[in-house]
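**Student:** structure, please.
(6 chains)
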6 protein chains.
Amino acid sequence: MPFVNIRITNEGATTEQKQRLIQGVTDLLADVLGKNPKTTFVIIDEVDTDNWGIGGESVTELRKK
Amino acid sequence: MPFVNIRITNEGATTEQKQRLIQGVTDLLADVLGKNPKTTFVIIDEVDTDNWGIGGESVTELRKK
Amino acid sequence: MPFVNIRITNEGATTEQKQRLIQGVTDLLADVLGKNPKTTFVIIDEVDTDNWGIGGESVTELRKK
Amino acid sequence: MPFVNIRITNEGATTEQKQRLIQGVTDLLADVLGKNPKTTFVIIDEVDTDNWGIGGESVTELRKK
Amino acid sequence: MPFVNIRITNEGATTEQKQRLIQGVTDLLADVLGKNPKTTFVIIDEVDTDNWGIGGESVTELRKK
Amino acid sequence: MPFVNIRITNEGATTEQKQRLIQGVTDLLADVLGKNPKTTFVIIDEVDTDNWGIGGESVTELRKK
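**Tutor:** Numbering: from 1, shown residues only, chains lettered A, B, ... in the order given. Presented below is the predicted three-dimensional model:
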């Protein structure tokens, strides 16, 4: 039943890496809380670096430094 | 005042279907809780099937089975 | 596979009303998009009226008017 | 440590405007709650007007009126 | 029409501070993007420090250091 | 920079289990995507079983079966 939303910057995560994240989080919830993988949802959102800010600056700007 | 976020896989929901979801959820909240449609927000997010996992697998992979 | 998050103010929605919201949204997604109820998640968040703002004011303040 | 998610319709917010939103929200949290900008996350989601509904209608339809 | 979700740790933000956050974010969106305050939603979620992690540790643990 | 939101039902996850979830997800993102733990946020939301529905029924009802 868990729902996990992973938000990362849109910087080239491959399909294979996203599959590893889905599998890894699902296994973690099964191991720690005994949750059923069949009803474990994982959604990955990839966010444009102009649209993600830390310390008051967008990641686009931070990457230039 | 309700805020409803509907997340579905990005598999071709038409504009007309999305309008029906918006109308249906808004009506439901008016019927059940008497909420004012004018201040009921509905946001639909369409998620790539590589980015949605169930049972440790992406929907892309599940669709192949 | 849909995931629906309904956010409402914490103003006394009953268990029966929340059940009707869960059932209503699940039926809507089955009707409109043919989604499988068994893998349709609905989460209802009830938010304190001090913590919900519209027009720059909290709902607590708006309710006093 | 705050996490702020700003959801707006996808109607042409410029990079400069998004930077001002990131900076403005980060400053606000520092001023009001003394939060450290270095660990303040801001994510802006831009939503298609077909996918955002108010009063039971999509913003696309509302814009036509 | 903007929807803003502010997530902070549950460490005693006062009603007055939350009102300032609601007002501040609403004004920011009006100033930067000309958004109508009447249809600007702000929701503040206060999260238990056991339930918020950074660098692999909960804020509860980080506060002890 | 990743932000991870884990939503589980409010059924007694211990502080130690939540710490293991925080650590596990942070390690996973470091391993798979090389993300910096210091700027990896994890938030765990625990949802009342009346407020979580699957297959049109609340988890409270499902647990009775």
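**Student:** only C-alpha atoms from now on, for both contacts and neighbour counts.
**Tutor:** OK.
**Student:** what's the neighbour count on residue A:15?
**Tutor:** Residue A:15 has 13 neighbouring residues, counting by other CA atoms under 10 Å in any protein chain shown.
**Student:** got a list of what it touches?
**Tutor:** Neighbour list for residue A:15: residue B:50 [criterion: CA atoms under 8 Å, 6 or more residues apart in numbering or on different chains].
**Student:** ok, it to chain E distance?
**Tutor:** 25 Å (CA to the nearest CA, to the nearest Å).
**Student:** these two touch, right, residue A:20 and residue F:32?
**Tutor:** Yes. Residue A:20 is within contact range of residue F:32, at 7.1 Å (criterion: CA atoms under 8 Å).
**Student:** who has more neighbours, these two?
**Tutor:** Higher neighbour count among residue A:20 and residue F:32: residue A:20, with 20 against 16, using other CA under 10 Å.
**Student:** contacting residues around that one?
**Tutor:** Residue A:20 makes contacts with residue F:32, as judged by CA under 8 Å, 6+ apart.
**Student:** now the one 4 residues further on
**Tutor:** If a contact means CA under 8 Å, 6+ apart, then residue A:24 has B:56, F:28 as its contacts.
**Student:** per-residue confidence at it?
**Tutor:** For residue A:24, the model assigns a pLDDT of 98.
**Student:** quick one: classify it as helix, strand or coil.
**Tutor:** The three-state label given to residue A:24 by DSSP: H, G, I helix; E, B strand; the rest coil is helix.
**Student:** please apply the same query to residue A:21.
**Tutor:** helix.
**Student:** tell me how far it lies from chain C.
**Tutor:** To chain C, residue A:21 is 18 Å away according to CA to the nearest CA.
**Student:** residue A:2 now?
**Tutor:** 10 Å.
**Student:** list the contacts for that residue?
**Tutor:** Contacts of residue A:2 by CA under 8 Å, 6+ apart are A:29, A:35, A:39-41, F:6-9.
**Student:** same question, residue A:35
**Tutor:** Shown in contact with residue A:35 (CA under 8 Å, 6+ apart): A:1-2, A:29.
**Student:** change it to 10 Å
**Tutor:** A:1-2, A:26-29, F:8 (CA atoms under 10 Å, 6 or more residues apart in numbering or on different chains).
**Student:** still on that earlier bit, show me the one in the contacts of residue A:2 that has more neighbours than the rest.
**Tutor:** residue A:41 (28 neighbours).
**Student:** ok, that residue - contacts?
**Tutor:** Counting by CA under 10 Å, 6+ apart, residue A:41 has contacts A:1-5, A:22, A:25-26, B:52-58, C:1-3, C:39, C:41, F:6-7.
**Student:** doesn't residue A:8 make contact with residue A:49?
**Tutor:** Yes. When contacts are counted by CA atoms under 10 Å, residue A:49 is listed as touching residue A:8 (9.4 Å).
**Student:** now the strands for chain A?
**Tutor:** Applying DSSP state E to chain A gives strands spanning A:3-9, A:41-47, A:52-54, A:57-58.
**Student:** does residue A:17 touch residue B:58 like I think?
**Tutor:** No. Using CA under 10 Å as the test, residue A:17 is too far from residue B:58 to be in contact (11.3 Å).
**Student:** neighbour count: these two, which is higher?
**Tutor:** Comparing residue A:17 with residue B:58 by other CA under 10 Å, the one with more neighbours is residue B:58, at 24 against 15.
**Student:** so how far is chain D from the more buried one?
**Tutor:** In this view, residue B:58 and chain D are 23 Å apart by CA to the nearest CA.
**Student:** show me what that residue is bridged to.
**Tutor:** Taking DSSP bridges as the rule, residue B:58 bridges to residue B:53.
**Student:** what does the model give it for pLDDT?
**Tutor:** According to the prediction, residue B:58 has pLDDT 97.
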